[in-house]
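Colleague: coords below, sequence missing:
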């Protein structure tokens, strides 16, 4: 059914269920799982170059850990470290572009489950992906 699955993760507790689900589906369908994390440079607009470098290192560290976990459960993954920019592209914009570029059949991501004013102020990557993705969307909840 699925030929290309993307997993978007930020290393948060909310995305842990997405990782488990994505690994399971990739194993079931015998696919190479595409794992994406986005470094939020846009959100760190006033950050120093050192802070931005730290964000990149944290993103790469997350991907490295996922490579190790995938090997332990015999899932093959390819990792992609992407970034937002100061031009106004948000994480959801970057993910939507990557979904289109890779012609994914499914994207899997977690949701923090924010409600009310918190959701309004912080936005929702999961909601934006659900509304605009050109493929199926799997939202995993803890």
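Modeller: Nice, I can see it. Just so we're clear, the structure is a prediction, and the values are computed from it rather than from any experiment.
Colleague: how about low-confidence regions in this protein?
Modeller: 42-45, 86-87, 112-123 (pLDDT under 70).
Colleague: mind naming the longest helix for it?
Modeller: helix 49-72 (DSSP state H).
Colleague: which is the next helix or strand following that helix?
Modeller: strand 77-83 (DSSP states H and E).
Colleague: list the buried residues of the helix or strand following that following strand.
Modeller: Where DSSP H and E defines the elements, the next helix or strand beyond strand 77-83 is helix 91-102. For helix 91-102, the neighbour count (16 or more other Cβ atoms under 10 Å) marks 91-96, 98-99, 102 as buried. (Each C-beta comes from the backbone N, C-alpha and C, glycine too.)
Colleague: please pick out the residue of the protein most distant from its centre.
Modeller: Distance from the C-alpha centroid of the chain, by Cα atoms, centre = their mean, peaks at residue 48 (24.2 Å).
Colleague: against residue 27, how distant is that residue?
Modeller: 41 Å (Cβ to Cβ, to the nearest Å).
Colleague: cool, residue 91 as well?
Modeller: 27 Å.
Colleague: do the same with residue 85
Modeller: Going from residue 85 to residue 27 by Cβ to Cβ gives 35 Å.
Colleague: circling back: dump the buried residues of helix 91-102 into CSV; add distance to residue 126 as well.
Modeller: Compiled in CSV, these are given as follows (distance: Cβ to Cβ, whole Å):
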residue, distance to residue 126
91, 10
92, 9
93, 14
94, 14
95, 10
96, 12
98, 15
99, 13
102, 19
